[in-house]
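> My questions are about this predicted structure, shown below with the sequence.
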There are 2 protein chains.
Amino acid sequence: MHDIALDEKILAKNDALARENREALKRHGIFSINMVSSPGSGKTTIIEKTAERLRNRVGMAVIEGDMQTDLDAQRIARCRIPVRQITTGRACHLDAHMVHHALPWVFGLENVRLLIIENVGNMVCPAEYDLGEEMKVAVMSVTEGDDKPLKYPALFHAAKALLINKTDLVRFTDFDLRRAEENALKVNPRLTVFTMSCTDGTGLGEWAAFLAAHSVQ
Amino acid sequence: MHDIALDEKILAKNDALARENREALKRHGIFSINMVSSPGSGKTTIIEKTAERLRNRVGMAVIEGDMQTDLDAQRIARCRIPVRQITTGRACHLDAHMVHHALPWVFGLENVRLLIIENVGNMVCPAEYDLGEEMKVAVMSVTEGDDKPLKYPALFHAAKALLINKTDLVRFTDFDLRRAEENALKVNPRLTVFTMSCTDGTGLGEWAAFLAAHSVQ
């Protein structure tokens, strides 16, 4: 955030549009998540692995936010999931307006029950921007340090679920999984926490089951 | 960035103050770097290891930027290096104004030749804010993906040096060191690239020597 007074106005406008997005998604019976993390925490790989497990059971679509390049969107397209790229240019986060413009595309697809929005890699600003999603999902990896929830509380406060990723690497680091979870729950006691590894498959089943359960309600 | 026209004004004001900071640092014969990376890339640990190697040879001071908590400043203080904490609250980056207020503290210390500024963990916004430093240093770790320079080019474009950290973990990932370096040099051919590991010590000598050479000029 840059200038607090100006930003309050921008945020109020954003929130109004986010409410519209949320209502439209609900009307169409689509469960939506907004995945937020630092660059390189593994969001795109998690989506790929989620697609492998869910695409034959739950209709999925993905919105990919990136400042530059469509590398991530290309990866999702290879999973045979409909994907729409939003290139944000200098903007360090998606906002409700950008998502608003992508929703007609989502609603034109058949049988979508789950919309995954991958935000720009940034643990800070995306936390403040409601896109109209049902659930913000924070992602962190075990190579990032277990004090992250205390240092960047806004995201952990706004999220309903936390994915602690790359657990296959934990034995090579001084990351303490229990302490990370404790720190996250200190910031937000209502977080649902998943630990996972896209390399060895740990936790992916639980995560996919969680999404599937929400998507058919 | 949020609103481009407004931000241009904010940036212009920032740049003017950054120039003042830069001139003041030069007048005092202090070489300064501004370290920028995602959360968890290892900036604080790199500073700790740099302090171990340099503190008896080069007078050092550290400015620690964090949104919340002084955990990192506490770590630096334990290295017996003078450290000043800037807590940014909701701001996702340091700006020239914040650093301006910390400079009298720096100038009041004895024999400082090297000022290390650790920015808020964010690969995006800090890239646009000149603090008045002599050199922006980008940090990324091998667990973040070798496509980061292409996806977040602003930082790699603005930096003069790139530290690729945590190379001890590279064999457990699909990170390609050569490709990462190629991608970074594609964005900015003038980058000086260091590969390092704070766990096994790889590359720390070269990095410390580089800083020492700049600090005595």
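Here it is on my side, so go on.
> Find the helix or strand that A:F194 is a member of.
strand A:192-195 (DSSP states H and E).
> So what's the gap between the next helix or strand after that strand and the chain middle?
Per DSSP H and E, the first helix or strand lying C-terminal to strand A:192-195 is helix A:204-215. What separates the centre of helix A:204-215 from the centre of its chain is 14 Å, taken as Cα atoms, centre = their mean, to the nearest Å.
> I'd like the average pLDDT over helix A:204-215.
In this model, helix A:204-215 has a mean pLDDT of 97.
> repeat for stretch A:47-54
For stretch A:47-54, the per-residue pLDDT averages 97.
> what about that stretch, near chain B?
No: Stretch A:47-54 stays out of contact with chain B when judged by Cβ under 8 Å from any Cβ of the partner chain, the minimum separation being 13.0 Å. No exception for glycine: its C-beta is placed from N, CA and C like everyone else's.
> Give the buried residues for that stretch.
Applying a neighbour-count criterion of 16 or more other Cβ atoms under 10 Å in any protein chain shown, one finds A:I47, A:E48, A:K49, A:T50, A:A51, A:R53, A:L54 buried in stretch A:47-54.
> Repeat that for stretch A:95-109.
Counting neighbours by 16+ other Cβ under 10 Å, stretch A:95-109 gives A:D95, A:A96, A:M98, A:V99, A:H100, A:A102, A:L103, A:V106 as buried.
> Show me which residues of the longest helix anywhere in chain A are buried.
Longest helix in chain A, counting residues (DSSP state H): helix A:4-27. Going by neighbour count (16+ other Cβ under 10 Å), the buried part of helix A:4-27 is A:D7, A:I10, A:L11, A:N14, A:L17, A:A18, A:N21, A:R22, A:A24, A:L25.
> Closest to B:P126 out of these?
A:D7 (17.0 Å; Cβ to Cβ).
> got a pLDDT number for the nearest residue to A:T143 once chain neighbours are set aside?
Spatial nearest neighbour of A:T143, excluding adjacent residues (Cβ to Cβ, 6 or more residues apart in numbering or on different chains): B:T143 at 4.0 Å. We note a pLDDT of 94 for B:T143 in this prediction.
> Number of residues surrounding B:T143?
26 (other Cβ atoms under 10 Å in any protein chain shown).
> My understanding was that it contacts A:G40; is that so?
Yes: assessed by Cβ atoms under 8 Å, B:T143 is found in contact with A:G40 at 6.5 Å.
> Mind listing the shared neighbours of those two?
A:S141 (Cβ atoms under 8 Å, 6 or more residues apart in numbering or on different chains).
> Need the buried residues of helix A:4-27 in CSV (columns: distance to A:L71 and pLDDT).
Formatted as CSV, the buried residues of helix A:4-27 follow (distance: Cβ to Cβ, whole Å; pLDDT from 0 to 100):
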residue, distance to A:L71, pLDDT
A:D7, 30, 74
A:I10, 29, 86
A:L11, 30, 89
A:N14, 27, 95
A:L17, 28, 97
A:A18, 27, 97
A:N21, 26, 98
A:R22, 29, 98
A:A24, 29, 97
A:L25, 27, 97
